[in-house]
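J.: Please work out how this folds:
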Amino acid sequence: MLTGFLEMVLTAAITVVPFSVAPSSVQARNTIEGRVTTTDHRPLSELRVFLQNDAYSQIATAYTDGAGRFRFTNIASGIYYVQVEPGTLAYDRQTQRVEARAFNERRGGGGEVFRVEIVLKASEPSKTARTDAIPGNEAIHFYQSVPEPAKKEYTNGVKSLSKNDLKAAMTSLNRAIQMFPDYYDALELLGTEYVKQKQYQPALPLLAHALEVNKDGWRAAYSLGIAQFESGQRSEAVRSLRRAVELNPNSANTNMWLGLTLAPDPEARGEAIQALEKAVTLAKDSVPMAYFYLGGLYSKNNQFREAANAFETLLRIAPQIGERDKLKKLIEEYRQKAKAQSNNN
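T.: From the prediction side, this is the model:
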């Protein structure tokens with residue numbers, strides 16, 4: 001029952017979840033802006049800055065300008081983490097927590113501007129610059145000495161992305177890779193941009209090579225898993241996403257994608273459910289489609305009470321979702337089956 005409906009929603013959802021935006025249910029819209037400098041007060045330009053929600057899922061990307069400044073606009077009230085990616089510079093990654101709650105939002109006022117100052121510290125001599133660690137995990141450092149011409153092209157690509165000039169960005173990033181074929185930052189950034197544009201075939205070799213260069217690059221593993229899944233390479237996608245979850249267990253979207261990729265295999269259903277349960281625990285209400293996939297797996301596993309609860313949560317946190325009446329009928333059906341199970345026991 002509802003097979004076509006389920007497939008329709010599944011197909012629509014997987015194209016938007018990996019790069020989803022913050023929930024829009026909160027009225028006040030805020031701005032988070034800041035500056036990135038070194039310990040001796042020098043600004044750092046052309047660095048990627050990631051905005052993450054309270055489940056450590058990426059929701060936006062910005063780039064520092066010549067003065068080291070960055071900005072995220074139209075942000076809903078909530079808890080966020082601003083993470084600065086040092087790239088191939090000899091600095092450790094820094095993450096700063098921001099509580100973006102406008103003082104006057106309860107009175108119907110507008111949002112506010114929240115400012116942060118992030119100071120990057122030089123890596124210890126025994127370590128190297130790049131770290132793909134996340135809160136609670138041991139840092140994994142990775143450093144490359146990049147030729148200046150390749151670094152210049154990468155910088156041009158970053159600048160083009162900051163201006164939403166995707167064509168120019170891809171041209172510059174391709175040039176950087178031609179000059180230095182093992183350039184991890186350029187491989188990962190270009191591959192991830194291809195995934196965002198749903199151009200999965202050109203993304204595959206770039207991201208695979210990025211992981212050959214840096215086996216601990218979780219963003220490359222995550223994006224590669226998505227590209228493989230969308231290209232019909234499910235078993236390869238499972239391996240990539242398992243690795244991404246291993247490297248970054250606190251990413252709700254990574255756990256959700258792993259669960260989604262495992263779901264078609266009946267023998268992996270238990271692992272798929274565990275991954276989706278972790279996704280909804282981490283994301284709370286910010287990744288509603290995880291409840292949809294979880295409800296479907298619960299029903300296949302004859303966990304009807306859990307399936308009904310998952311779909312009820314989906315209806316509550318995603319009022320815009322279509323086919324609400326059909327979902328309500330499913331919930332009632334599962335409630336009845338759960339009651340029958342209880343009576344039989």
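J.: which residues in the chain form helices?
T.: 3-13, 148-162, 166-179, 184-196, 200-213, 218-230, 234-247, 252-262, 269-283, 289-300, 304-317, 324-344 (DSSP state H).
J.: Tabulate those (a markdown table), appending mean neighbour count, mean pLDDT and distance to Asp65.
T.: C-betas here are computed from N, CA, C, even on glycine. Output for the helices of the chain, formatted as a markdown table (neighbours: other Cβ atoms under 10 Å; pLDDT from 0 to 100; distance: least, Cβ to Cβ, whole Å):
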| stretch | mean neighbour count | mean pLDDT | distance to Asp65 |
| --- | --- | --- | --- |
| helix 3-13 | 13 | 37 | 35 |
| helix 148-162 | 19 | 87 | 8 |
| helix 166-179 | 18 | 94 | 16 |
| helix 184-196 | 24 | 91 | 18 |
| helix 200-213 | 20 | 96 | 26 |
| helix 218-230 | 26 | 93 | 23 |
| helix 234-247 | 20 | 95 | 30 |
| helix 252-262 | 27 | 91 | 28 |
| helix 269-283 | 21 | 91 | 31 |
| helix 289-300 | 23 | 90 | 35 |
| helix 304-317 | 19 | 93 | 36 |
| helix 324-344 | 14 | 91 | 45 |
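J.: can you put those in CSV and add distance to Val98?
T.: Formatted as CSV, the helices of the chain follow (distance: least, Cβ to Cβ, whole Å):
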stretch, distance to Val98
helix 3-13, 28
helix 148-162, 20
helix 166-179, 27
helix 184-196, 24
helix 200-213, 29
helix 218-230, 21
helix 234-247, 24
helix 252-262, 18
helix 269-283, 18
helix 289-300, 24
helix 304-317, 23
helix 324-344, 35
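J.: and of those helices, who's closest to Leu47?
T.: Leu47 lies closest to helix 148-162 among the helices of the chain, at 8.1 Å (Cβ to Cβ).
J.: gap between stretch 319-333 and the chain center?
T.: Here stretch 319-333 shows a centroid-to-chain-centroid distance of 27 Å under the convention Cα atoms, centre = their mean, to the nearest Å.
J.: hang on, I meant stretch 264-274
T.: 22 Å.
J.: Also stretch 189-204?
T.: That offset, for stretch 189-204, works out to 14 Å (Cα atoms, centre = their mean).
J.: Please list the residues outside it that contact it.
T.: Residues from elsewhere that reach stretch 189-204, judged by Cβ atoms under 8 Å, 6 or more residues apart in numbering: 15, 18-19, 48, 154, 157-158, 161, 166, 169-170, 173-174, 177, 206-207, 210, 219-220, 223-224, 226-228, 230-231.
J.: related to what we said a few turns ago, out of the helices of the chain, which gets nearest to Thr61?
T.: helix 148-162 (8.0 Å).
J.: and the closest one, C-alpha only, in PDB?
T.: The C-alpha coordinates for helix 148-162 follow below in PDB (Å, rounded to 0.1, in the frame of the first residue of the first chain):
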ATOM      1  CA  GLU A 148      51.900  28.500  -5.100                       C
ATOM      2  CA  PRO A 149      50.300  28.500  -8.600                       C
ATOM      3  CA  ALA A 150      47.900  25.800  -7.500                       C
ATOM      4  CA  LYS A 151      47.200  27.500  -4.300                       C
ATOM      5  CA  LYS A 152      46.400  30.700  -6.200                       C
ATOM      6  CA  GLU A 153      43.900  28.900  -8.400                       C
ATOM      7  CA  TYR A 154      42.300  27.300  -5.400                       C
ATOM      8  CA  THR A 155      42.000  30.800  -3.800                       C
ATOM      9  CA  ASN A 156      40.400  32.100  -7.000                       C
ATOM     10  CA  GLY A 157      37.900  29.200  -6.900                       C
ATOM     11  CA  VAL A 158      37.000  30.000  -3.300                       C
ATOM     12  CA  LYS A 159      36.500  33.700  -4.200                       C
ATOM     13  CA  SER A 160      34.200  32.700  -7.100                       C
ATOM     14  CA  LEU A 161      32.100  30.400  -4.800                       C
ATOM     15  CA  SER A 162      31.700  33.300  -2.400                       C
END
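J.: Residues in contact with that helix: which ones?
T.: 46, 48, 61-63, 65, 88, 146, 166, 168-173, 175-177, 179-180, 183, 185-186, 189-190, 193.
J.: same thing but 6 Å
T.: Glu46, Tyr63, Ala168, Ala169, Ser172, Leu173, Arg175, Ala176, Met179, Phe180, Tyr183, Ala186 (Cβ atoms under 6 Å, 6 or more residues apart in numbering).
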